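> okay, sequence plus prediction incoming.
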Amino acid sequence: MINAINLTKQYGAKTAVNGVTFSVKPGMVTGFLGPNGAGKSTTMRMIVGLDKPTAGTVTVNGKRYRDLSAPLQEVGVLLDAKAVHTGRSAFNHLRALAATHGIPVRRVHEVIELTGLGAVAHKRVGGFSLGMGQRLGIAAALLGDPQTLILDEPVNGLDPEGVRWVRQLTRSLAAQGRTVLLSSHLMSEMAQTADHIIVLGKGRLIADAPVQDFIAGSSHETVRVSSPRASELAQALLNAAGPGSRARIDPVGVNQLQISGYTAAGVGDAAAELGIPLHELTPIRASLEEAYMELTENDVEYRTGGTLEETKR
Ligand SMILES: Nc1ncnc2c1ncn2[C@@H]1O[C@H](COP(=O)(O)OP(=O)(O)OP(=O)(O)O)[C@@H](O)[C@H]1O
């Protein structure tokens, strides 16, 4: 369990993390999301004692990271996969790390197998591809068989097979009851991996919810309906919604409508009241990406479009 209370980090005049309170619970994968510069890496660095909070606290299993007696065995961390001595082989890198933490060499062989590095374990890390470097970073995070894992962009640079492997690995670690905090900018991947998400925007906490609830709260939720009296139903729904409502009805096929601003139950009830038969009534959920884009549209610090531009709120 990771607990952050009023966690704050200032770099000079810049408030990178601003009074953030959240818990990351065991037994599930928690996705950590936010636009570039939102404060995710700074938060992760504070969790593992690489940055000192300006205010507030963060603990892992009730203790600050620096007070953990065997940190590698309690918290596995992947923050910067490139931060490896490039002259060493993967095996020697992991063996040195294991030796300084009282971890047997048997475990080095285990994590090499687990991360698919067997064929390149004795090659110099300097020649590794980005994906191999990521696997090595994940191997190092797993070395102490920790109860808590913090992985910053673990799928960065991985091929589709590698992305899938990280998904299966993190899901199985969570299923074993471990605490897994994972950041990624790949929303489709996050939707398949995370049970719960925490979203930062400009250093503040802007969402902390189960993925399903987060998506359900999006206004991108629509309903598809088919009826031989579709145009009559559309008119009735628009009249009932009244002017200024966010109900929107688009014809999409023969006798078929795409409706937003109404739930499926609302459409079904309205049709029943009017005695209009329905041949289809399908709620179409928003994607995590749509819900995320909607939530963060005012919190994007850097927008594309030629120049880097501070967004005015
Ligand atoms: N050492 C530092 N000195 C000054 N400012 C910093 C420092 N580290 C981070 N920042 C600033 O703090 C803010 C948060 O950065 P952080 O790297 O935590 O964001 P992030 O959410 O991880 O972004 P990304 O998705 O791009 O990795 C940014 O505006 C960044 O420029």
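Noted; the coordinates are in hand. Numbers count the residues shown, from 1 in each chain.

> domain ranges for this structure, per the record?
2-210, 219-296 (the TED database).

> does the first one come close to the ligand?
So the one you mean is domain 2-210. Yes. Applying CB under 6 Å from any ligand atom, one finds domain 2-210 in contact with the ligand at 11, 14, 16, 34, 36, 37, 38, 39, 40, 41, 42. Using the backbone N, CA and C atoms, a C-beta is placed for each residue, glycine as well.

> these in helices, which ones?
With helices taken from DSSP state H, the overlap with these comprises 40, 41, 42.

> I'd like those laid out as CSV, including neighbour count.
Below are these laid out as CSV (neighbours: other CB atoms under 10 Å):
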residue, neighbour count
40, 24
41, 20
42, 21
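
> could I get the residues you listed as TSV with pLDDT?
TSV is the format used below for those (pLDDT from 0 to 100):
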residue	pLDDT
40	95
41	94
42	96
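
> which one of those is nearest residue 282?
Among these, residue 40 lies closest to residue 282 (CB to CB), at 35.4 Å.

> could you pull out the helices for the stretch 51-200 of the chain?
Here the stretch 51-200 of the chain has its helices, by DSSP state H, counting those that start in this stretch, at 71-74, 90-100, 105-114, 130-142, 160-175, 187-193.

> what kind of secondary structure is residue 246 in?
coil (DSSP: H, G, I helix; E, B strand; the rest coil).

> what about it, neighbour count?
Residues near residue 246, counting by other CB atoms under 10 Å, number 9.

> do you know how far it is from residue 230?
Distance from residue 246 to residue 230, counting by CB to CB, to the nearest Å: 20 Å.

> could you export the one helix or strand residue 235 maps to as CSV, CA atoms only?
Using DSSP states H and E, residue 235 maps to helix 230-241. What follows is helix 230-241, C-alpha atoms only, in CSV (Å, rounded to 0.1, in the frame of the first residue of the first chain):
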residue,chain,number,x,y,z
ALA,A,230,-36.8,6.1,-35.3
SER,A,231,-37.6,9.6,-36.5
GLU,A,232,-40.6,9.8,-34.3
LEU,A,233,-38.5,8.6,-31.3
ALA,A,234,-35.8,11.1,-32.1
GLN,A,235,-38.2,14.0,-32.1
ALA,A,236,-39.8,12.9,-28.9
LEU,A,237,-36.4,12.6,-27.2
LEU,A,238,-35.4,16.1,-28.4
ASN,A,239,-38.6,17.6,-27.2
ALA,A,240,-38.4,15.9,-23.8
ALA,A,241,-34.7,17.0,-23.4
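
> so for it, mean pLDDT?
For helix 230-241, the mean per-residue pLDDT is 92.

> stretch 121-130 now?
Mean predicted confidence for stretch 121-130 is 88.

> gap between the two ends of it?
Start-to-end span of stretch 121-130 (CA to CA, to the nearest Å) is 15 Å.

> what comes up buried for that stretch?
121, 125, 128 (16 or more other CB atoms under 10 Å).

> show residues contacting it.
Contacts with stretch 121-130, where a contact means CB atoms under 8 Å, 6 or more residues apart in numbering, come from 81, 84-91, 93, 112, 120, 133, 136, 156-157.

> go with 10 Å
By CB atoms under 10 Å, 6 or more residues apart in numbering, the residues outside stretch 121-130 that reach it are 81-82, 84-94, 108-109, 112-113, 115, 117, 120, 132-136, 139, 156-159.

> just the buried ones from those?
Buried among the contacts of stretch 121-130 by 16+ other CB under 10 Å: 81, 84, 90-94, 108, 112, 115, 117, 120, 132-136, 139, 156-158.

> where does residue 176 sit relative to residue 26, distance-wise?
9 Å.

> pick out whichever of these two has more residues nearby.
Neighbours were counted for residue 176 and for residue 26 using other CB under 10 Å; residue 26 has more, 16 against 10.

> dump the residue contacts of the nearest residue to residue 74 once chain neighbours are set aside.
Once flanking residues are discounted, residue 74 sits nearest to residue 68: 5.0 Å by CB to CB, 6 or more residues apart in numbering. Listed by CB under 10 Å, 6+ apart, the contact set of residue 68 reads 48, 49, 59, 60, 61, 74, 75, 148.

> swap in residue 70?
By CB under 10 Å, 6+ apart, the neighbours of residue 70 are 101, 102, 103, 144, 146.

> which among those residues gets closest to the ligand?
Of all the contacts of residue 70, residue 146 has the smallest distance to the ligand: 21.7 Å, by CB to the nearest ligand atom.
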